[in-house]
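>>> When you get a sec, could you give me coordinates for this:
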Amino acid sequence: MASPIFGRSKEFQPMSGAEAHNAAANGASAQPVAVQTANLNAQFNSPSATSVDTGRMTYEGVVAKTAGIAIMVLLFAVPGYMFPNMVGMIAGAIIGLVLGIVLSIQKRPKPALIAVYAVAEGYFLGAITIFIEQQYEVPGAGLQALLATGITFSVCLALYKSGKVRYTPKLQKFLMIGGIAYLVFSLVNVGVMVFGPQTDNNAWGLRTSVEIFGIPLGVLIGAFAVILACVSLIADFDFIENGVKRGLPDWFEWKAAFGLIVTLVWLYIEFLRIIAILFGRR
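You can find the predicted model right below:
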């Protein structure tokens, strides 16, 4: 039984004897063959379809989306830095945290939510930067943290591209165990900061009230967190490379870009806190 589409279409109906005789007499059957041959030759000689043409994930797409999100974060960090507001800073931190969790568990992250995240996170970063610079008398801390973040990102990318560093199962276990340990410490430290004595030495909780060989615990914990963030960057690079090689759909570019931004924000905050603890000690 023929397809219903073909059966109802006049073009796919068999020709009658008279029509076949007329077509042969007029050479009508030769033209379609010539046209088809020319079309086949044109298709064969045309350039191969790229990943962009087929809607697949590309390095260029990831770079463009990451740059776009980063620019939004920086743009909205400016009003946070110039017009800081404690309520706005807390709101930005909460919104950024909630959206970060939502976007990380979404199978297909929505660009609109990523944009809102960039706005909220940008204002928070600007406000917390000027707060630390003024409160702990460390002018230029934001610029130093930004440079440290950029240098760290560049070094991790260079090491990954050289093939000297790869996201091995051991690194995966280190990131998982280290991340859980860091999260537990952070929760305990928040409790100490909220319910502990409110003194200058307790401004960062256990990070400043505890010292090991004269070094504030916050510096050591911060260095450990920076290492974790570097491993997270390697994991992001590995995801991007595998995604491009496997030909994942292009919407994975948003997921990859968002992951990179979250790691970079984490790095920036850790560097900013280390600078505040080291150079803002009274």
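>>> Lowest-scoring secondary structure element of this protein by mean pLDDT?
helix 4-8 (a mean of 35; mean pLDDT, DSSP states H and E).
>>> In the host helix or strand of A77, which residues are buried?
Element membership for A77, per DSSP states H and E: helix 59-82. Neighbour counts over helix 59-82 (16 or more other Cβ atoms under 10 Å) mark 61-62, 65-66, 68-70, 72-73, 76-77, 80-81 as buried. The way it works is simple: take the backbone N, C-alpha and C, and place the C-beta from them, glycine included.
>>> by contact count, what packs against that helix?
If contacts are counted by 3 or more Cβ pairs under 8 Å, 6 or more residues apart in numbering; DSSP states H and E, helix 59-82 sits against helix 86-105, helix 111-135, helix 217-246, helix 252-279.
>>> now, of the ones you listed, which is deepest in the fold?
helix 252-279 (a mean of 22; mean count of other Cβ atoms under 10 Å).
>>> ok so, going back, dump the helices and strands packed on helix 59-82 into TSV; add distance to M193 and mean pLDDT as well.
Listed next are the helices and strands packed on helix 59-82 as TSV, based on distance: least, Cβ to Cβ, whole Å; pLDDT from 0 to 100:
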stretch	distance to M193	mean pLDDT
helix 86-105	14	93
helix 111-135	14	95
helix 217-246	11	94
helix 252-279	12	94
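>>> for those, which one sits closest to Y160?
helix 217-246 (4.6 Å; Cβ to Cβ).
>>> From the contact counts, what lies against that closest one?
helix 59-82, helix 141-162, helix 169-195, helix 206-209, helix 252-279.
>>> Contacts made by the helix holding A77 with the rest, please.
52, 88-89, 92, 114-115, 118-119, 121-130, 142, 240, 244, 250, 253-254, 256-258, 260-261, 264-265 (Cβ atoms under 8 Å, 6 or more residues apart in numbering).
>>> swap in stretch 229-244?
Residues contacting stretch 229-244 (Cβ under 8 Å, 6+ apart): 51, 56-59, 62, 152-153, 156-157, 159-160, 165-167, 171-172, 174-175, 178, 252, 256, 259-260, 263, 266-267, 270.
>>> now stretch 114-129
Counting by Cβ under 8 Å, 6+ apart, 69, 72-82, 84-86, 88-89, 91-93, 95-96, 99-100, 103, 141-142, 145, 254, 257-258, 261, 265, 268-269, 272 sit against stretch 114-129.
>>> Indicate which one of the helices and strands packed on helix 59-82 is closest to G196.
Closest among the helices and strands packed on helix 59-82, using Cβ to Cβ: helix 217-246, at 13.8 Å.
>>> just to revisit the earlier point, distance to G191 added to the helices and strands packed on helix 59-82, as CSV?
As requested, these are arranged in CSV below (distance: least, Cβ to Cβ, whole Å):
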stretch, distance to G191
helix 86-105, 17
helix 111-135, 20
helix 217-246, 15
helix 252-279, 18
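>>> residues in contact with the residue lying closest to I227 once chain neighbours are set aside?
The shortest distance from I227 to any non-neighbouring residue, by Cβ to Cβ, 6 or more residues apart in numbering, is to G178 (7.8 Å). Contacts for G178 (Cβ under 8 Å, 6+ apart) come out as 224, 227-228, 231.
>>> Over to F224?
178, 182.
>>> Could you report the distance from it to L147?
21 Å (Cβ to Cβ, to the nearest Å).
>>> And for I130?
I130 is 17 Å from L147, by Cβ to Cβ.
>>> ok, for L220, nearest residue in space, not its chain neighbours?
In space, L220 is closest to I212, 6.3 Å off (Cβ to Cβ, 6+ apart).
>>> Mind listing the residues bridging to that neighbour?
Beta-bridge pairing of I212 under DSSP bridges involves I215.
>>> can you tell me how far it sits from Y81?
Taking Cβ to Cβ, one finds I212 at 33 Å from Y81.
>>> Ok, I94 next?
19 Å.
>>> ok, now W204?
For W204 relative to Y81 (Cβ to Cβ), the value is 21 Å.
>>> again, but for V262
21 Å.
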